[in-house]
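S.K.: Kindly return the folded structure for what I paste below:
(chains A, B, C and D, ligands or ions: 6)
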Amino acid sequence: MSESTLTAKDFATDQDVRWCPGCGDYSILKQVQSVVAELGRKREDIIFISGIGCSSRFPYYMNTYGMHSIHGRATAIASGLKATRPELDVWIITGDGDSLSIGGNHLIHLLRRNFNVNILLFNNEIYGLTKGQYSPTSQQGKVTKSSPFGVLDHAFNPSAVALGADCSFYARTMDRDPRHLKEVLKRGNEHAGASLIEIYQNCNVFNDGAFFTFTDKETKGGSTLFVEQGQPMTFGENKEFGIKLDGFKPVVVKMNEGHSLNDLWIHDEQDYMKATLLSRMFDVPSEGSMPRPFGVFFSNDRGTYEKALEAQVVEATEALGIGNLDKLISGNHTWEIV
Amino acid sequence: MSESTLTAKDFATDQDVRWCPGCGDYSILKQVQSVVAELGRKREDIIFISGIGCSSRFPYYMNTYGMHSIHGRATAIASGLKATRPELDVWIITGDGDSLSIGGNHLIHLLRRNFNVNILLFNNEIYGLTKGQYSPTSQQGKVTKSSPFGVLDHAFNPSAVALGADCSFYARTMDRDPRHLKEVLKRGNEHAGASLIEIYQNCNVFNDGAFFTFTDKETKGGSTLFVEQGQPMTFGENKEFGIKLDGFKPVVVKMNEGHSLNDLWIHDEQDYMKATLLSRMFDVPSEGSMPRPFGVFFSNDRGTYEKALEAQVVEATEALGIGNLDKLISGNHTWEIV
Amino acid sequence: MKTTPQETKEITILFAGDSGDGMQLTGNQFANTNAFFGNDLATFPNFPAEIRAPIGTVAGVSGFQMKFGSTEIYTPGDQCNVLVAMNAAGLKSSLHNVEPQGTIIINTSGFDKKNLNLAKYNSNPLEDGTLANFRVQLIDISKLTQETLKDSDLGRKETERSKNMFVLGYLYWMFNRNMEGTERFLKLKFGRKPDILDANLKVLKAGYHYGDTTETFTSRYEVKKASLPKGTYRSIMGNQATAIGLIAAAQKAGLQLFYGSYPITPASDILHELAKHKNFGVKTFQAEDEIAAVTACIGAAFGGALATTGSSGPGIAIKGEALGLAVMLEIPLVVVNVQRGGPSTGLPTKTEQSDLMQALFGRNGEAQTVVVAPKTPKDAFETAFEACRLAIEHMVPVMMLSDGYIANGSEPWAFPNSKDLKPIVPQIARAKDYETEPYLPYKRDDNLVRKWAVPGTPGLEHRLGGLEKQDITGDVSYDPDNHQHMVKTRAAKIDRIALSIPLQTIDQGAEKGKLLILAWGSPYGAIKTAVKRLLEQGYDVSHAHLRYLNPFPRNLGDVVKNFDMVLIPEINDGQLDILIRNKFLIPTIRLCKIKGMPFTANEIIEKVKEIYE
Amino acid sequence: MKTTPQETKEITILFAGDSGDGMQLTGNQFANTNAFFGNDLATFPNFPAEIRAPIGTVAGVSGFQMKFGSTEIYTPGDQCNVLVAMNAAGLKSSLHNVEPQGTIIINTSGFDKKNLNLAKYNSNPLEDGTLANFRVQLIDISKLTQETLKDSDLGRKETERSKNMFVLGYLYWMFNRNMEGTERFLKLKFGRKPDILDANLKVLKAGYHYGDTTETFTSRYEVKKASLPKGTYRSIMGNQATAIGLIAAAQKAGLQLFYGSYPITPASDILHELAKHKNFGVKTFQAEDEIAAVTACIGAAFGGALATTGSSGPGIAIKGEALGLAVMLEIPLVVVNVQRGGPSTGLPTKTEQSDLMQALFGRNGEAQTVVVAPKTPKDAFETAFEACRLAIEHMVPVMMLSDGYIANGSEPWAFPNSKDLKPIVPQIARAKDYETEPYLPYKRDDNLVRKWAVPGTPGLEHRLGGLEKQDITGDVSYDPDNHQHMVKTRAAKIDRIALSIPLQTIDQGAEKGKLLILAWGSPYGAIKTAVKRLLEQGYDVSHAHLRYLNPFPRNLGDVVKNFDMVLIPEINDGQLDILIRNKFLIPTIRLCKIKGMPFTANEIIEKVKEIYE
Ligand SMILES: Cc1ncc(C[n+]2csc(CCOP(=O)(O)OP(=O)(O)O)c2C)c(N)n1
Ligand SMILES: Cc1ncc(C[n+]2csc(CCOP(=O)(O)OP(=O)(O)O)c2C)c(N)n1
Ligand code: SF4
Ligand code: SF4
Ligand SMILES: [Mg+2]
Ligand SMILES: [Mg+2]
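M.R.: Numbering: from 1, shown residues only, chains lettered A, B, ... in the order given. Ligands and ions are numbered 1, 2, ... in the order given. Okay, the predicted model is just below:
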């Protein structure tokens, strides 16, 4: 089968998709299938690796190589795979519990090492598979099965965690905006390095509506900010608001009150500090709060681990010659018994 | 023994101190013994918990309660202790490997939860105890036992990791500046919340001189920046340099070239973005590079986990009444067999 | 009433429907009502692995089996007398389990073309003779429900949701039970949604009246009260009993209860239950992973709390290193493993007993812990309590091996009065006892137990750690002889527990004889039932059931040697078997079932008969 | 030469000094020179737990023991014939180990007041008669070294550092050995520091000449060449042999070698060694922890590499869950456990065999792996190679149990030619084999081995995972019967390996008889030596040594049943013992030493004699 003829359908498997009806995972699956079809990679060169969670069943539904592994370890598994098979296209599927609770350490280490993989973090602010306990991204105060009196933990801000770990690419998108989702997936895939893509995903069984403010028609305009490289920051149903920078502080302005696009904060994906500022626009939505940014916050080329490793192998081989097994076994110092 | 009479000596134990002669750990031990003596806490209310590593032998040398636990888990152990015994004064001793390699996840989770503990991170950019492998803070390219051709991993920036995990207090200091070390330890202890104190520590056996640029008399002035709340950023042997902010970019200026103190960046520990900027002043020291900042980068009061937990217990008790064991055992629905 | 109830001693009933059909709730209500009426019973919920498995498929079937009766009941039954099938998939997945001539109640609207397809039926089993050997009752439950509610304002989806109440009402009629309990339950549950409450009550009654007024069928049952021991009873599930047992132990010991855990099926409900009881001073801590959970416990235990953690196989696997630390520190720690099908993620919603060897050996070095196991849901209370007692009084980590079957099963429980629970005496070192002599952390009493000096106690400051310790002083020691001494001492400390725990008794059958069935954990009920029947049939068979797996009761050798043969049934590949063969050098007969399902009494009976052939 | 060398068959010599005294280097040089000369030998380094333990104390002593001889040598010896004590602590820690009338070479400057205090000597052992029963040679090595270098520009600290060369030179004289090897070594080591090189060479020679010219003593030894089998030899340490074995296996299998590891004593040297050989395409990955190390291996194995990981007990403990995944995935994976004293952090620099049960059972569920163990440093090469072969050809995880004693010990090795190594044939699925039939991931061959389809192979796309899989298709399956089938199949796959591995042989002694010593791992040398002597003394004793611990060789039952008694010596509390008793239902005799130290031959001999009494 020539790669150019592949369509989204070619990436579907014969397995029944077993998410709850209405789960946000369906939309993400659809977009991923459609994106990989457009990438022009051969099906056999694509691998999906996941941990455990509802989202982590994903690989079963992708007709590529795949592994549904153990909780929290997909990132580490992918690191080993990528170190040995740098030419493969490796996608990691993980949930907010899988990647930020039990798997937090492997995630930040993968990010700093900068393996060239795509990490899709399905953030539904809940543990779906285990039926509704709070996750590290659940809001403080939230009542869940394991927090009948409300969550005490201060939630992680995934974008801030990623930037703190020197990630080279971070973007945020959502299950309910397929166009944006697809666009961001493509951008992530293009990036040569670890791409962390946080996807707001609705768990309609255990945390229904966690992101409705950002996804519902009525509220979306005023509460979301879609950032684009080189573009001024505007939002609102009719782009009637803009964001200016007052020193280090972003300020919302009304565009019809004499503010021009030129005054606004222009998005620059290469700017770590500004990406940090975006990551900090993380209020719980309320009257007068900052909008929540979506899109590519940060993108920075800084060399991947697997390339450096390959280069070291080449270097070592040049310096020492191709390894000779008999020489290795005999060592430098032998003697004869005759 | 009344607490007011305690001196540093009262905190020494009868155990032989078993670090290599010349190790930076000695100086830290000395300052810690002296600081705890000044805190006015009772000896029995102080606990030192460590993981595994050279630095982690620390508790044996503190005449308080203590635990030398397993690799990477001191933070989690302290969390359980603090959750149940909020009134105790808990100190965590950890190395760069212990806290950022195997223990990375527990560290960031402790930081976000904000238990009121003091974390002393002995950063020597090496694995001391296991005799000289690279650590997550070792510089790229460094030749160590496990990287004969140079380290491939991009190093963690501990301050950035901490800020990304929403730590509420971060400070950097060094073994060779006892006065500053002591000052910072005190500040960390005063902070009600998780205080992460990164201490540059010389491992004179496996990584001698890693921080000499910052600690040696000759180079220290020009390569270090000691930040102080409300003070302008100046450095140099005679404070002949200052740092201005050009937008988001710090710029070094010479004070005698017409720049006044008023133009300089004034340090504000409460400002997360500026703390991030400090954390990013992380060049490998070279001609014309930014100085490395020391002191308290960030300090923010945001309520501790253990207090919230206590409050929840009180609330629950008020709402439900003090738990009655027989009622619990019988449940709400019983019947008689007669 | 057109039919004469047929008196029956025991009924096994299975509710099978879609995950969304409310089978668990229906089953639980029916169980509670029967329990309240005075039957003995046992239940067995059987979930699909998915949160919401695909509607209408066999994979999506949620089952709830129970047995109740006027006799003592030990298992949720083998073959069913009554099956309630809400849809085609429910029938398909359960039919093989129904006794010949058994009653099958069918919701006909769950057998339309779509449902038949989803269940992969080629022809309609209601029509093709599949059910010829059963007493079938076809009821269009969905339609009857809709009609009952035709005046209501609720939407179709909501009315449809109450159809399980129709079934329940109908069963109450069929078994002549009172609906009050369920009515009370509904009022509590839907108190704030009067229209939904109203609908449910109406449908419940409609179901009852449907039985009363239609003339289409004839089988009605009468299951009399069981002659259970006198007392006050409640219904209890295994995980709930475990949670309450932990709280009870903390209260009796006068300690703060700390439960550090990371959610995992089928252990999470312990966390959920404990989290509700903050008013007992219980502190639950949902950690970032299982390693953090158990090490947080080590911190809490060092601080003087009753520290407990719970998980299932995969989570227990990564706790191993920390358990070794707890062994070294000699601190109290209780670890509950609610076992599930393994290896790896395995069968997360299915039951298994395959972590016994992991409990004993899943750590580096010679690192023994105490291991105990409950045998039934209610026994989980006593076992959890006992686990805490041993941990606290002997300063050791204790592993409790529950399993999915116990965790989710329920039974009536003649619960104890708190004052009758054993006292628990923590080995706390007080400052006043050390005014003249120093506190030596590893100084031991006759049971080889060291004293627990808790931070905050002046003068008792000390340092513990994972490096080998010198006995008595607790200092780090690399001394070769001390190491051997300490390995032996830690083992001996556990062995001495055998001196104080009860002797092993025979549950049923003679003390000596031909065949002993020796087992542990959840197979209890099936074996109990089987042995009862076998004894009635004149077989020479006895049953001993182990609560203590390490150390073994000190008379266990005598017990097994009183029999010519020992049969060991386990829901694993023979793990207790290894221990018994190693310890007593006797040949054993294995009966291993590794299907994610509990034993049935028949499987045990067959095996025994086969042995006697 | 004023003294006549005394001919001796075997010499055991122990170097004991401060961690900074260079004892390991001295010992290794002496060993290499003797090996090169033609002796057989075995070495045993014994480090302190600290990086630099406090100078001058017993805790800070670094020891290096070796035995060399003109006979075959299997252990580094029990009692020492010669002790080199560089300071008082060195003497104190080792004196009990010296044979009566043994030679003790003493650096007198290490016995000043400060040193005596640090070593906790109340009076000076050189003067108080402590050494009356030994042949003592007092040399002020420090002073002689300083004098040798009095014209050098080096500072006192640096000259002091070369004093170990004085000892070495002196020993070369004493044993009449050629210094060339060491001279060559020094040139390589200090090539870039000519003044230090010069100093070392000078001091080395000074030591030699000191022996030659002084007249103060009389004992000089002649140890002739051993009549070792013909061949080319090298000296090899266990960890090095392991590393080379892994590389050799990868080369023979035509696979990329991936080693994912997290440093831990005493396993780290495998990582260090492998990291040097990137020119073999070896990729080493220092992971953030052991879980990442082993799961990275799982990724690499899925990708088609020979994935290997190494650690020690505590690190292995947290790999358990991931090993369960590897069992489920049925992929090749080699895990080396270089065991050390446990439990918990235990005795990190000391040896132990206490992780056997963890290797077999340290995971949730029924999750068998293959377990093999080397018996000596050089045997680690063959065992590592065999571990890889089994993993690759049988698609299973394999655990190799080395230990600290093997890891750091060394011996001469008549190394093989690479072409004589067994071939290794990976079970790779090729696209062309699946043009007409689909690739079914869990379809098996006669050995029950599935095929390995590697990403990048068109048409063979498939998904694996930790949930129970349906046999043949590899789809997720909750089917009860399939689960039992799969548990049994995974176990049977391992059992079938017994069909192709060698039968168990008797190492020494008769095939039938009274007493069999059955053992595994590093006690080999001590048992070998002991049995040799016992046979010479006419005892009826045989020795069988297991490389394969799971599965056992298929004739093991016959082997053990040929003896009236079975003695199992282990550096643990009796773990192989459990397996043997369980498997064969025979009583056994345990000999457990849990002191962080290897067995001595005498300990074995004494136990056998005791049995025969
Ligand atoms: C070692 C281990 N611990 C716990 C679990 C149980 N578990 C499975 S998935 C999960 C969390 C799922 O949450 P998330 O990662 O957010 O995924 P979601 O289901 O929400 O997509 C947990 C706790 C497990 N499988 N393994
Ligand atoms: C589970 C486990 N893995 C590995 C080790 C080995 N180990 C002990 S300390 C250490 C790293 C020490 O480095 P660091 O934390 O930086 O402390 P330092 O010695 O430099 O003070 C390692 C890898 C261990 N003890 N336990
Ligand atoms: S539980 Fe939530 S996340 Fe999981 S499948 Fe259902 S809706 Fe989706
Ligand atoms: S190895 Fe380094 S860190 Fe460890 S004690 Fe020695 S000098 Fe200090
Ligand atoms: Mg989630
Ligand atoms: Mg370090």
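S.K.: hmm, stretch C:243-253 touching chain B?
M.R.: Yes - applying CB under 8 Å from any CB of the partner chain, one finds stretch C:243-253 touching chain B at C:244, C:247-248, C:251. C-beta: built from backbone N, CA, C; applies to glycine.
S.K.: State the mean pLDDT of stretch C:181-196.
M.R.: Across stretch C:181-196, pLDDT averages out at 90.
S.K.: Please save the CA atoms from it in CSV.
M.R.: In CSV, the C-alpha atoms belonging to stretch C:181-196 read as follows (Å, rounded to 0.1, in the frame of the first residue of the first chain):
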residue,chain,number,x,y,z
GLY,C,181,-37.1,-0.6,52.5
THR,C,182,-36.7,0.3,48.9
GLU,C,183,-39.3,3.0,49.2
ARG,C,184,-37.3,4.5,52.0
PHE,C,185,-34.1,4.2,50.0
LEU,C,186,-35.6,5.9,47.0
LYS,C,187,-36.8,8.8,49.1
LEU,C,188,-33.4,9.3,50.4
LYS,C,189,-31.8,9.1,47.0
PHE,C,190,-34.2,11.3,45.1
GLY,C,191,-35.4,13.5,47.9
ARG,C,192,-34.4,16.6,46.0
LYS,C,193,-35.8,15.5,42.7
PRO,C,194,-39.5,14.9,43.5
ASP,C,195,-40.5,14.1,39.9
ILE,C,196,-37.9,11.4,39.6
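S.K.: sorry, back to before: now, among the residues of stretch C:243-253 next to chain B, which is nearest to D:Tyr233?
M.R.: The closest of the residues of stretch C:243-253 next to chain B to D:Tyr233 turns out to be C:Ile247 (CB to CB; 68.0 Å).
S.K.: Where does the closest one sit: helix, strand or coil?
M.R.: On the three-state scheme (DSSP: H, G, I helix; E, B strand; the rest coil), C:Ile247 is labelled helix.
S.K.: does it really touch C:Thr284, like I thought?
M.R.: No - in this structure C:Ile247 lies outside contact range of C:Thr284 using CB atoms under 8 Å: 11.2 Å.
S.K.: Which residues are in contact with each of these two?
M.R.: Counting by CB atoms under 8 Å, 6 or more residues apart in numbering or on different chains, the shared contacts of C:Ile247 and C:Thr284 are C:Leu274.
S.K.: re earlier: out of the residues of stretch C:243-253 next to chain B, who's nearest ligand 2?
M.R.: C:Ile247 (33.4 Å; CB to the nearest ligand atom).
S.K.: what's near enough to touch A:Val36?
M.R.: Applying CB under 8 Å, 6+ apart, the residues contacting A:Val36 are A:11, A:46, A:62, A:64.
S.K.: neighbours of the residue in the stretch 451-600 of chain C that chain A sits nearest to, just the number please.
M.R.: Here the stretch 451-600 of chain C gets closest to chain A at one residue, C:Gly596, 17.8 Å apart by CB to the nearest CB. If you count neighbours by other CB atoms under 10 Å in any protein chain shown, C:Gly596 ends up with 25.
S.K.: hang on, it in a strand?
M.R.: No - counting by three-state DSSP, C:Gly596 is not found in a strand; it is coil.
S.K.: which residue packs closest to it, ignoring adjacent ones?
M.R.: Nearest residue to C:Gly596 in three dimensions, chain neighbours excluded: C:Lys350, at 2.9 Å (CB to CB, 6 or more residues apart in numbering or on different chains).
S.K.: Over to C:Gly27?
M.R.: C:Phe64 is the one closest to C:Gly27 (CB to CB, 6+ apart), at 3.0 Å.
S.K.: Show me what the host helix or strand of the one you found packs onto, helices and strands only.
M.R.: Secondary-structure assignment from DSSP states H and E places C:Phe64 in strand C:61-69. Counting by 3 or more CB pairs under 8 Å, 6 or more residues apart in numbering or on different chains; DSSP states H and E, the packing neighbours recorded for strand C:61-69 are strand C:10-18, helix C:23-37, strand C:40-46, helix C:88-94.
S.K.: Tell me the helix or strand right after the helix or strand hosting A:Leu29.
M.R.: Assessed by DSSP H and E, A:Leu29 sits inside helix A:25-39. Next helix or strand after helix A:25-39 toward the C-terminus (DSSP H and E): strand A:46-50.
S.K.: which parts of the stretch 51-200 of chain A sit against ligand 3?
M.R.: Contact residues (CB under 6 Å from any ligand atom) of the stretch 51-200 of chain A with ligand 3: A:54, A:124, A:128.
S.K.: So which of the residues you listed wins on neighbours?
M.R.: A:Asn124 (31 neighbours).
S.K.: Burial check on the closest residue to it other than its chain neighbours, number of neighbours?
M.R.: Among residues not flanking A:Asn124 along the chain, A:Cys203 sits closest, at 4.0 Å (CB to CB, 6+ apart). By other CB under 10 Å, 28 other residues sit near A:Cys203.
S.K.: unless I'm mixing things up, A:Cys203 is touching A:Ala210, no?
M.R.: Yes - A:Cys203 is within contact range of A:Ala210, at 7.3 Å (criterion: CB under 8 Å).
S.K.: Need phi/psi at C:Ala253.
M.R.: Phi and psi for C:Ala253, reported as degrees, to the nearest 10, are phi -90, psi -10.
S.K.: check contacts around it.
M.R.: Taking CB under 8 Å, 6+ apart, we find C:Ala253 in contact with C:306, C:388-389, C:392, C:424-426.
S.K.: Same check on A:Gln133?
M.R.: A:Gln133 sits in contact with A:126-127, A:144-147, C:263, C:268, C:271-272, C:286, where contact means CB under 8 Å, 6+ apart.
S.K.: Which of those residues ranks first by neighbour count?
M.R.: A:Tyr127 (30 neighbours).
S.K.: How about C:Ser542, nearest residue that isn't a chain neighbour?
M.R.: In space, and not counting its chain neighbours, C:Ser542 is closest to C:Gly509: 2.9 Å by CB to CB, 6+ apart.
S.K.: So C:Leu228 belongs to a helix, correct?
M.R.: No - C:Leu228: not assigned to a helix; according to three-state DSSP it is coil.
S.K.: OK, contacts around it?
M.R.: B:337, C:38, C:40, C:72, C:412, C:414.
S.K.: can you give me the strands for the stretch 201-338 of chain A?
M.R.: Using DSSP state E, counting those that start in this stretch, the strands assigned to the stretch 201-338 of chain A run over residues A:224-226, A:234-235, A:241-246, A:249-254, A:292-299, A:334-337.
S.K.: next one: the stretch 451-600 of chain C
M.R.: C:463-465, C:513-520, C:541-546, C:548-550, C:563-570, C:589-592.
S.K.: Low-confidence ranges, chain C, go.
M.R.: Applying pLDDT under 70 to chain C flags the ranges C:1-4, C:49-52, C:215-219.
S.K.: Run a quick neighbour tally on the residue of it at minimum distance from ligand 1.
M.R.: Nearest residue of chain C to ligand 1, counting by CB to the nearest ligand atom: C:Ile264, 3.8 Å away. A count of nearby residues for C:Ile264, using other CB under 10 Å, gives 25.
S.K.: Surely it and C:Ser312 touch.
M.R.: Yes - taking CB under 8 Å as the definition, C:Ile264 is a contact partner of C:Ser312 at 4.8 Å.
S.K.: list the contacts for A:Val143?
M.R.: A:149-151.
S.K.: circling back to that earlier point, give me the phi and psi angles of the residue nearest to C:Ser542.
M.R.: Residue torsions, per degrees, to the nearest 10, at C:Gly509 are phi 90, psi -180.
S.K.: now it: how far from ligand 3?
M.R.: Note on C:Gly509: its distance to ligand 3, by CB to the nearest ligand atom, to the nearest Å, is 48 Å.
S.K.: Please apply the same query to A:Met62.
M.R.: 17 Å.
S.K.: Local confidence estimate at that residue?
M.R.: 97.
S.K.: any weak-confidence spans in the stretch 1-150 of chain A?
M.R.: Residues of the stretch 1-150 of chain A that meet the criterion pLDDT under 70 lie in A:1-4.
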